[in-house]
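Asks: Kindly generate the corresponding structure for this input.
(2 chains)
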Amino acid sequence: MKKRRAAIVGVAESDVGRTPHLTVLSQQALAARAALAEAGLTKDSVDALFTAGAWSWAPTMALAEYLGIQPAYTDGTNIGGSSFEAHAGHAAAAIEAGLIDVALITYGSTQRTSRSRNAPRPAELTAQFELPYGLPMPVGGYALAAMRHMHDYGTTSEDLAQVAVAARQWARLNPRAYYRDPITVEDVVASPMICEPLHKLDCCLVTDGGGAVVIAAEDRWPDVATQPVTILGHGETHTHATISGMPDLTVTGAAQTGPAALRMADVTLADIDVAEIYDSFTITVLLTLESLGFCKPGEGRDFIAGGRIAPGGEFPMNTNGGGLSYTHPGMYGIFLLIEAARQLRGDFAWARQVPAAELALVHGTGGVLSSAATVILGTL
Amino acid sequence: MKPVPDADTKPYWDGIADGELRLQRCEGCGAAVFYPRAVCPHCFGGPLRWFTATGTGRVHSYTVVHRAFGEFAGQTPFTVALVDLDEGVRMMTRIVGASRGSVEIGMRVQLTVEQIGDADLPRFRPQEAPELQK
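Replies: This next block holds a predicted model:
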């Protein structure tokens, strides 16, 4: 029997950057309304609701009430920044199983305005073995991984800086990006040290923002106003929660989720036209590219060298400027899906558009390299 | 930032207060286990028995923290490491007693307990004269 297919049919951001006029709920409502409007679908067509956040003990309940939606399928899975890639996979599976027709995934954060990012929490449960040492998280966890990668493979700060420089070059093509002034490798390595070897410009932004993605079953596609972007494959995992529990500091769960998603989509890495890779930190990108298998362990620096991931390069990646330069409201994963869908629809008329992009790989990373979720998207 | 011991972890923190590192070993599969648990995460069996570890190991990775928050903000720069204990488990700690720039991955370290406020916390310092200790 043929699988019942699922596709992204609407995407939208709320205001990103600094949004003192918005709340985590209003951001999600505004983004949801815009994404549904783009799709030409009504709120009442939504039968599945997905969100992730620490702003409520039961985020989907709070959000559903605010939106005026009574879902038949509710999923508040929170695995950090990759939650939304996992949600997209769950939505596709529920559509395939015939449980739902239209899924709404949203995210919102006011972390920049509310200055909530480093609020203290008690050293309880597994946190009693981390918090007393004062390591700022998540950056400290990524720094430990970066230091080990440098030790094992000779990766340098200048290599990592290439990721930030390319992200800023893409951000210059995105009018909504938080930072758009060009930077150089020298700027990155001269920026203040946060946790060795990671500098300020190796780290993602701290912004407010929200987004929404609408996913519909194929029987609804004739009704929608956009070109559906099909979900061809997906995979998710988490390998640890505390950084001391990471099985190998230089290999992420992408080593499992990438092959799983590609197998489901029946495509190979060589077929991918555009990649949206979670860039919480510069090291995240290197480890993810290696773990996905785009290159061998330790060869990430060669893979990205010479402007290959910059605009006009052979490997178009993070085409909105990423979490490093566009926006990063705590959990960035939903913006990866939004950008990939727009690329595959051909929404951009100029340099930001990857020509004839038909297949996208979206990969989220959450926690301290803890969770991984891959989604393969395609054109019809 | 005082750790909050619980039913799983109280023997560990009692050990730290006594100046020693207590770990668990699974009597079912023989694996050393850290952090403390009620069920072995390897074989899902047990029982898990407490034992006193050597308190020695190797730096697996480290970072020097230049920007910290809350009560740690005034302590920078300080070195946080993941240490692979000789018993085969990995833990987070701070490295103390090493001159700036001398911490390296692979370096031998040994336990030292420091009282920070009203909490006893495990730190590691460079291992002294290993040839004499052997």
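
Asks: buried sites along stretch B:31-49?
Replies: By neighbour count on 16 or more other Cβ atoms under 10 Å in any protein chain shown, the buried set for stretch B:31-49 is B:31-36, B:40, B:46, B:48. Where C-beta positions appear, they are placed from N, C-alpha and C, glycine not excepted.

Asks: So which of those residues are in strands?
Replies: Under the assignment DSSP state E, the buried residues of stretch B:31-49 contribute B:32-33, B:48 to strands.

Asks: So which of the buried residues of stretch B:31-49 reach chain A?
Replies: B:Tyr35 (Cβ under 8 Å from any Cβ of the partner chain).

Asks: Name the nearest of the buried residues of stretch B:31-49 relative to A:Pro311.
Replies: B:Tyr35 (45.6 Å; Cβ to Cβ).

Asks: count of neighbours near the closest residue to the closest one other than its chain neighbours?
Replies: Leaving aside its chain neighbours, B:Tyr35 sits nearest to A:Phe129 (5.0 Å; criterion: Cβ to Cβ, 6 or more residues apart in numbering or on different chains). Other residues within reach of A:Phe129, judged by other Cβ atoms under 10 Å in any protein chain shown, total 22.

Asks: Break chain A down into its structural domains.
Replies: Per automatic domain parsing, the domain ranges recorded for chain A read A:6-115+A:208-233, A:138-203+A:235-379.

Asks: I figured A:Asp202 hits A:Thr282, correct?
Replies: Yes - with contact defined as Cβ atoms under 8 Å, A:Asp202 and A:Thr282 form a contacting pair (4.4 Å).

Asks: In the sheet, which residues pair with residue 123? Tell me.
Replies: Looking at chain A here, since you left the chain open. B:Pro3 (DSSP bridges).

Asks: My question was about chain B, not that one.
Replies: Taking DSSP bridges as the rule, B:Arg123 bridges to B:Arg94, B:Thr112.

Asks: and it, what is it in contact with?
Replies: B:Arg123 makes contacts with B:93-96, B:111-114, as judged by Cβ atoms under 8 Å, 6 or more residues apart in numbering or on different chains.

Asks: Please repeat the previous calculation with a cut-off of 7 Å.
Replies: B:93-94, B:96, B:112, B:114 (Cβ atoms under 7 Å, 6 or more residues apart in numbering or on different chains).

Asks: buried sites along the helix or strand of chain A with the lowest mean pLDDT?
Replies: Lowest by mean pLDDT, DSSP states H and E among the helices and strands of chain A is helix A:111-114, with a mean of 89. If you call a residue buried by 16+ other Cβ under 10 Å, then helix A:111-114 has these buried ones: A:111-113.

Asks: any common contacting residues for A:Asp202 and A:Thr282?
Replies: In contact with both A:Asp202 and A:Thr282: A:160, A:164, using Cβ under 7 Å, 6+ apart.

Asks: nearest to A:Thr268, of the buried residues of helix A:111-114?
Replies: Of the buried residues of helix A:111-114, the one sitting nearest to A:Thr268 (Cβ to Cβ) turns out to be A:Gln111, at 37.7 Å.

Asks: From the contacts of B:Arg123, list just the buried residues.
Replies: Buried, going by 16+ other Cβ under 10 Å: B:93-94, B:112, out of those.

Asks: Could you tell me the end-to-end distance of stretch A:281-300?
Replies: 14 Å (Cα to Cα, to the nearest Å).

Asks: Provide a list of residues in contact with A:Gly300.
Replies: Neighbour list for A:Gly300: A:286, A:289-290 [criterion: Cβ under 7 Å, 6+ apart].

Asks: Nearest to A:Gly253 among the buried residues of helix A:111-114?
Replies: Of the buried residues of helix A:111-114, the one sitting nearest to A:Gly253 (Cβ to Cβ) turns out to be A:Gln111, at 24.6 Å.

Asks: Contact partners for that closest one?
Replies: A:117, A:206, A:208, A:329-330.

Asks: mind listing what the residue nearest to the spatial centre of chain A touches?
Replies: Using Cα atoms, centre = their mean, the residue of chain A that lies closest to the mean C-alpha position is A:Gly333, 2.4 Å off. For A:Gly333, the contacting residues are A:81-85, A:278, A:364, by Cβ under 7 Å, 6+ apart.
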